[in-house]
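[1] what would the 3D arrangement of this be:
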Amino acid sequence: MTHSFVLHIPDAELEPEPLDPEQIVSGTPEVTGKVVWESEDGRQIRGIWQITPGVVTDTEADELFVVISGSATIEFEGGPTLTVRPGDMAVLREGDRTTWTVHETLRKAYAINQ
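    All right, here's what the predicted structure looks like:
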């Protein structure tokens with residue numbers, strides 16, 4: 001990216017991002033996403049991510065995200081359970097093991113630091 005930009009997140013077109021079948025606990029969730037900016041060294045990524053209803057597991061990155069639409073419950077192994085809805089901001093710690101129960105197709109804007 002050579003210039004600043006604006007992107008209307010609800011209308012952004014996303015590309016399929018296949019889920020590892022071992023991550024799917026129940027349902028038939030599908031993931032789409034789009035990286036909109038990445039630092040030259042690849043350590044910072046900004047993007048949009050979406051998942052349809054279902055239950056999946058994940059190991060998290062160091063991430064801040066804002067929910068644009070949909071809702072989910074995120075259970076942290078050995079920790080809290082969070083419910084996220086439109087307008088919510090969440091912070092995930094690298095290495096957290098989670099189970100996501102997606103109630104309504106969830107779209108989020110995210111910033112990951114690696």
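
[2] and for residue 63, the neighbour number?
    19 (other CB atoms under 10 Å). Every C-beta, even on glycine, is put in place using the N, C-alpha and C of the backbone.

[3] which helices and strands sit right next to the helix or strand hosting residue 46?
    Assigned by DSSP states H and E, residue 46 falls within strand 44-51. The contact analysis (3 or more CB pairs under 8 Å, 6 or more residues apart in numbering; DSSP states H and E) places strand 44-51 against strand 31-38, strand 62-76, strand 97-113.

[4] what's the first one packed up against?
    What it means is strand 31-38. Strand 31-38 packs on strand 15-16, strand 44-51, going by 3+ CB pairs under 8 Å, 6+ apart.

[5] any idea which of those strands is most buried?
    Highest mean neighbour count of the helices and strands packed on strand 31-38: strand 44-51, a mean of 18 (counted as mean count of other CB atoms under 10 Å).

[6] which residues does that strand contact?
    7, 9, 12, 14, 17, 29-39, 65, 68, 70, 72, 100, 102, 105-114 (CB atoms under 8 Å, 6 or more residues apart in numbering).

[7] immediately after that strand, which helix or strand?
    Next element after strand 44-51 (DSSP H and E): strand 54-59.
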